[in-house]
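J.: the sequence isn't on hand, but the structure is:
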């Protein structure tokens, strides 16, 4: 505090008399009149820099300086200094009241209107009012009495305008240089952000041209050469030039240059005041300067805010609103800056499933965490970009990108992500390709990378698109063509043909599982090829309802007196997540007059143990509607004894991975036996899939399996050839 006080006092003692000396002035009717009283500018600048600490140093320095400059009594000196300091102090407090404790910071930004009003207009008004009142009670010498009310009204108007001009125009002339002198860090920051921004790089040609024009105009207007009759008409050109500068320069630099230019114009005023040196002309000219200064301040502020908003809108256009990661538009823009590089598609294979159970916010959280984990491995110019679904893009450049990407995938696969006290294990794979700046080819490459990263999921490895481009291109095109064929088949309905595979017990009694085949141009397409496409493109519900209608049409045409279930039908996970799907299914059974007991609904183990409220409600509603529920692929990772204890189903189908090696692997019979014992305790029927040998059948019946399914029992056959049990 003492150091600030001493520094403020020294600066005030030096600059108050100096600023008074350099204040622009002119002589009208043998009277000197100031065009801008610069000590006011200095005092306001000091208050901006030091705050309340500056008040006492300014008071002391003013008393000392004016005691030498003005030949007035001690009382008159004290009153004059009081008029100055009191007015600035009161208006500063008002500005602080409205703008808060940081009212002295970022002068070219927020609160500009409050500062202009109180410190630009109210301060001069209060100063002149107090001086006029004091002039009524105190006798001042003739040389200064005109400033205390002993003058014509127009003189007082010009005098007030000189104070307003000093406050509005010339405060930056002291504020910015003083801050640079006192704080070298601010000087470097000002140079980088305000000067180098405009005079270095692509903007420099315009900046130097503008500055050259300004210097020429000021030289002509302020000179005493033989152009006095012309120079007065060139002043508006300076206003036009600064109006053009608003769109190019920052507000701080422009304010400083305008203050210097205005000081030159008002100090060397013979040119534009040629022949009009009257108080009325001065009043008009000062009004123009003040009006333009206010307009310029607001124009620079508005343009700066407009530029800021444009940057925000641009950032929002290039940013995914949920993950806050750069999107594909940002990638296209990034490739314009870095046309050569490697584009990598990082896939989280189980993220889609996890997000169905934990919600979309979990997916967003995971992508943010993954990006944070990848950031330390990225070099300058490398970035992570958002893709919809379970993928992100990584742009890399430089050498050994394949090795770097493989290292990143290995690191990610070794880590877990915490979500609401649950540790999630995300499975990662990736694909990559060298790219150039071709946007049309880029979008095609993205589809190929997505497909290839999906193929890499099984081994959690990294695949190169460049070494398999022909193969991937063919497969991507085939996938698109297959999607078109599936959509056409769903409309026509007849390309889908129902097959049935028997599921029987030891007495060769049982039911059939409905399977589907897609027949196009005489070629049979198996489910392993078209089911993933149906799932990926959200066609599950349309497909399941079509299969259900075809089966019900068959049952309607082939009625039976059997009270047992005749067929089982799979419902895909996305179908079970539809709110009204049970109502639609029951309506179909009512329409075709088929009892619900005739069909068993098969759901995956994933859905049976899902934490999705809609899925569980639909399974419950299906059971209440008379359907038996079978759990397909049981034992593949989602079931445990606690969940099995709570299971609401009728049949469990043990996945084939436990059956195919059951005669050679000593562990598989124990697992199957354990599942059977628990199922029997809950009075559930058990089906074993993929039974292909007599040895398997004998062992499975011995373990307590009631029903068997597989090529040993019977291969899938067209539904119209199947005989009822």
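T.: Noted; the coordinates are in hand. Owing to the predicted nature of the structure, the values given are computational and were not obtained by experimental measurement.
J.: what's the longest strand along the chain packed up against?
T.: For the chain, the longest strand by residue count, based on DSSP state E, is strand 510-520. Applying 3 or more Cβ pairs under 8 Å, 6 or more residues apart in numbering; DSSP states H and E, we find strand 510-520 packed against helix 469-492, strand 496-504, strand 523-525, helix 527-536, helix 540-557, strand 567-570. Placement of C-beta: from N, CA and C, glycine included.
J.: one more pass at 6 Å, please.
T.: Other elements packing on strand 510-520 under the criterion 3 or more Cβ pairs under 6 Å, 6 or more residues apart in numbering; DSSP states H and E are strand 496-504, strand 567-570.
J.: packing partners of the last one?
T.: Secondary structure elements in contact with strand 567-570, counted by 3+ Cβ pairs under 6 Å, 6+ apart, are strand 510-520, strand 599-604.
J.: next structured bit after that strand?
T.: On the C-terminal side of strand 567-570, the closest following helix or strand by DSSP states H and E is helix 573-576.
J.: before we move on, the earlier item: partner strands of the longest strand of the chain, parallel or antiparallel?
T.: Paired with strand 510-520 in the same sheet, following DSSP bridges, are strand 496-504 (antiparallel), strand 523-525 (antiparallel), strand 567-570 (parallel).
J.: now the element after the least confident helix or strand in the chain by mean pLDDT, going C-ward?
T.: Across the helices and strands of the chain, the lowest-confidence element by mean pLDDT, DSSP states H and E is helix 228-231, at a mean of 57. Downstream of helix 228-231, the first helix or strand assigned by DSSP H and E is helix 235-245.
J.: that following helix: how far from the chain's middle?
T.: Here helix 235-245 is found 39 Å from its chain centre; the criterion is Cα atoms, centre = their mean, to the nearest Å.
J.: in that helix, what's buried?
T.: 235, 238, 241, 242, 245 (16 or more other Cβ atoms under 10 Å).
J.: before we move on, back to that, closest one to residue 678 among the helices and strands packed on strand 567-570?
T.: strand 599-604 (18.6 Å; Cβ to Cβ).
J.: redo the buried residues of helix 235-245 as JSON lines? Include distance to residue 684 and pLDDT.
T.: Formatted as JSON lines, those follow (distance: Cβ to Cβ, whole Å; pLDDT from 0 to 100):
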{"residue": "235", "distance to residue 684": "97", "pLDDT": "78"}
{"residue": "238", "distance to residue 684": "93", "pLDDT": "88"}
{"residue": "241", "distance to residue 684": "89", "pLDDT": "92"}
{"residue": "242", "distance to residue 684": "86", "pLDDT": "92"}
{"residue": "245", "distance to residue 684": "83", "pLDDT": "90"}
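J.: identify the farthest-apart pair in the residues you listed.
T.: 235 and 245 (15.8 Å).
J.: can you list the strands paired with strand 510-520 in TSV and add distance to residue 168 and mean neighbour count?
T.: Below are the strands paired with strand 510-520 laid out as TSV (distance: least, Cβ to Cβ, whole Å; neighbours: other Cβ atoms under 10 Å):
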stretch	distance to residue 168	mean neighbour count
strand 496-504	80	20
strand 523-525	80	12
strand 567-570	79	22
